[in-house]
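Novice: quick one: sequence and predicted model below, then my questions.
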Amino acid sequence: MKKETNTNIENTENVMNEANKMGSAPIGKLLASMAWPAILSMTINALYNVVDSMFVAMVSQKALTAVSLVMPLQMMMISLAVGSSVGVNSLISRRLGAKRYEEANKAASTSIRIGFFNFVIFALIGIFLANPFMHAYTDDAVIFDGGVTYLRIITIFCLFSMVQIQLEKVLQATGNMIAPMIISLSGALTNLILDPILIFGLIGAPKMGIAGAAAATVIGQAVGMCVAIFMFFRKEHDVKIQLKGFRIDWKVVKDIYGVGLPSIIMQAIGSVMLLGYNAILAASATAVAVLGVYYKLQSFIFMPVFGLNQGAMPIMGYNFGAKNRARLMLTYKDALITALVIMGIGTVLFQVFPDVFLKMFSADDEMMEMGVPALRIISICFIPAAFGIMTFTLFQGTGHGVYSLMGSLLRQLIGILPLAYIIYHAAGITASWASFPLAEIIGLIYSAVMLKILYKKEIKTL
């Protein structure tokens, strides 16, 4: 009994320490301490995505095109996982800030069930829709077979990533950013090591080509999930997950998806946009490959900003729940300035070294001719995107995911796709890349207007 009492006291002290950190630690140091692990892990994840495509490109440009065609569905899968976990993250951090610990535990327990539900959806897509999906985009047998193989493997075995991502976001919501970093790095490094081994049949492994790239991804995700389970359940955390005898509270589910559903849709919009853009470019396999390469490369710039996003959101959510306006807005300001610096550096790199980036993917002369202006034109969108991303983080952290959703709709459906279609048919492929920066300007205007409304309506009166 004495041991149990001491444990309870220790757990209470841990919760209070987190509360003191989130509610009183200097914002600059707090944001840096919470963001850098996510930035590092997401940058490593971006690295293995790029390296994965580089190895696939060494197989053939058709193999690269096949993976590029599958990428929107792969992004949609991640969108469902991350979007729902954003709802969990936001709810847990707000409940901890308001000292409603039991509700935070319910949200954490519900998250695992959500991960299994997400897995079932995409496993069914992989089993039944892989062939029709690839038929819609190509008649080339090599591209078709490679795409179907890759798509089926990454969807049918996506349980690992779905559970891993949920556990990462639960830990991040409590202010623990080191454990999610270790979880993510373990999977990414496993993938990075296995890619060349399974693609090219090194050290006695079978030569699997595109299937090897997919298998390396799935095995990496399995490793990440195992590490996540070990790290979460080996010691006490500020929230607990109940595995047995837990009955889902549908009010908690509603609260999760109040923020999570708009986030899912918001992130999935990017996948829909890419599906639509691939359809616009379908007549040119080279253009599809260029767009796929851009999305791999831009992740190096965007992923650090999304890591910053993950570090900032729990702080924003906690201080909004605690009604601390000054700390909420200071977090937003510091995160925005940092994001602008990162995006500024990215813009310079894409303007100066587009040819170097393309050569990393074994680009031939046609791909170089099309890709160099593409990277330069599209990268103009980076700086206005920084403002949109961090403002959307503020919307989500304060429980207003719908504001973020509307912004993404404006940028990527009402913005990029119609503009790309019109410009493509009026002036050709090269000019169509301008749809990216034009759409980001639309998003920037919307974000500024909604930020002003949110501040006057809710933040100012905290």
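Specialist: That came through, no problem. Numbering: from 1, shown residues only.
Novice: could you use CA atoms for every contact and neighbour count after this?
Specialist: Fine.
Novice: please name the residues that touch the nearest residue to residue 300 once chain neighbours are set aside.
Specialist: Nearest non-adjacent residue to residue 300, counting by CA to CA, 6 or more residues apart in numbering: residue 46, 5.6 Å away. If you count contacts by CA atoms under 8 Å, 6 or more residues apart in numbering, residue 46 has them with 296, 299-300, 303.
Novice: just checking, residue 184 touches residue 41?
Specialist: Yes: with contact defined as CA atoms under 8 Å, residue 184 counts as touching residue 41 (5.7 Å).
Novice: neighbour count for these two, which is higher?
Specialist: Just comparing residue 184 and residue 41: by other CA atoms under 10 Å the higher neighbour count belongs to residue 184, 28 against 24.
Novice: can you tell me the element the more buried one falls in?
Specialist: Using DSSP states H and E, residue 184 falls within helix 178-200.
Novice: going on from that helix, what's the next piece of helix or strand?
Specialist: helix 210-233.
Novice: neighbouring contacts of that following helix?
Specialist: By CA under 8 Å, 6+ apart, helix 210-233 touches 52, 56, 63, 146, 149-150, 153-154, 157-158, 160-161, 163-164, 167-168, 171, 179-180, 183-192, 194-195, 198-199.
Novice: just the mean pLDDT for whichever helix or strand comes after that helix, thanks.
Specialist: Downstream of helix 210-233, the next assigned helix or strand under DSSP H and E is helix 250-280. Helix 250-280 carries an average pLDDT of 83.
Novice: whichever helix or strand comes after helix 250-280 - contacts with which helices or strands?
Specialist: Downstream of helix 250-280, the first helix or strand assigned by DSSP H and E is helix 285-321. Contact partners of helix 285-321 among helices and strands, from 3 or more CA pairs under 8 Å, 6 or more residues apart in numbering; DSSP states H and E: helix 2-24, helix 27-59, helix 61-97, helix 159-173, helix 325-352, helix 365-378, helix 382-397.
Novice: which one of the ones you listed lies closest to residue 318?
Specialist: Of all the helices and strands packed on helix 285-321, helix 61-97 sits nearest to residue 318, with 4.4 Å by CA to CA.
Novice: report the angle between that closest one and helix 365-378.
Specialist: Comparing the axes of helix 61-97 and helix 365-378 via axes from the mean of the first three to the mean of the last three CA atoms, to 10 degrees yields an angle of 30 degrees.
Novice: which positions in the very next helix or strand once past helix 61-97 come out as buried?
Specialist: Scanning forward in sequence from helix 61-97 by DSSP H and E, the next helix or strand is helix 101-135. By neighbour count on 16 or more other CA atoms under 10 Å, the buried set for helix 101-135 is 101, 103-112, 114-116, 118-119, 122-123, 125-126, 130-131, 133-134.
Novice: what's helix 101-135 packed up against?
Specialist: helix 61-97, helix 141-156, helix 159-173, helix 250-280.
Novice: list the buried residues in the helix or strand hosting residue 444.
Specialist: Residue 444 is part of helix 435-454, with elements assigned from DSSP H and E. Within helix 435-454, the residues scored as buried using 16+ other CA under 10 Å are 435-444, 446-447, 450-451, 454.
Novice: which residues touch residue 412?
Specialist: 269-270, 273, 439.
Novice: which one of the residues you listed sits in the busiest neighbourhood?
Specialist: residue 439 (25 neighbours).
Novice: so that one sits against residue 416, correct?
Specialist: Yes: counting by CA under 8 Å, residue 416 is a contact partner of residue 439 at 5.4 Å.
Novice: circling back: closest to residue 427 among the buried residues of helix 435-454?
Specialist: residue 435 (12.0 Å).
Novice: please report how far residue 277 lies from residue 354.
Specialist: 21 Å (CA to CA, to the nearest Å).
Novice: re the thing from before, then the helix holding residue 444 to CSV, C-alphas only?
Specialist: Listed next in CSV are the C-alpha coordinates belonging to helix 435-454 (Å, rounded to 0.1, in the frame of the first residue of the first chain):
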residue,chain,number,x,y,z
SER,A,435,-0.4,27.8,-59.7
PHE,A,436,1.5,26.9,-56.5
PRO,A,437,2.7,30.4,-55.5
LEU,A,438,-0.6,32.0,-56.7
ALA,A,439,-2.6,29.6,-54.5
GLU,A,440,-0.4,30.3,-51.5
ILE,A,441,-1.1,34.0,-51.8
ILE,A,442,-4.8,33.3,-51.7
GLY,A,443,-4.2,31.2,-48.6
LEU,A,444,-2.1,33.9,-46.9
ILE,A,445,-4.9,36.5,-47.3
TYR,A,446,-7.5,34.1,-45.9
SER,A,447,-5.2,33.2,-42.9
ALA,A,448,-4.7,36.8,-42.0
VAL,A,449,-8.4,37.6,-42.1
MET,A,450,-9.4,34.6,-40.0
LEU,A,451,-6.6,35.2,-37.5
LYS,A,452,-7.9,38.7,-36.9
ILE,A,453,-11.4,37.3,-36.4
LEU,A,454,-10.3,34.6,-34.0
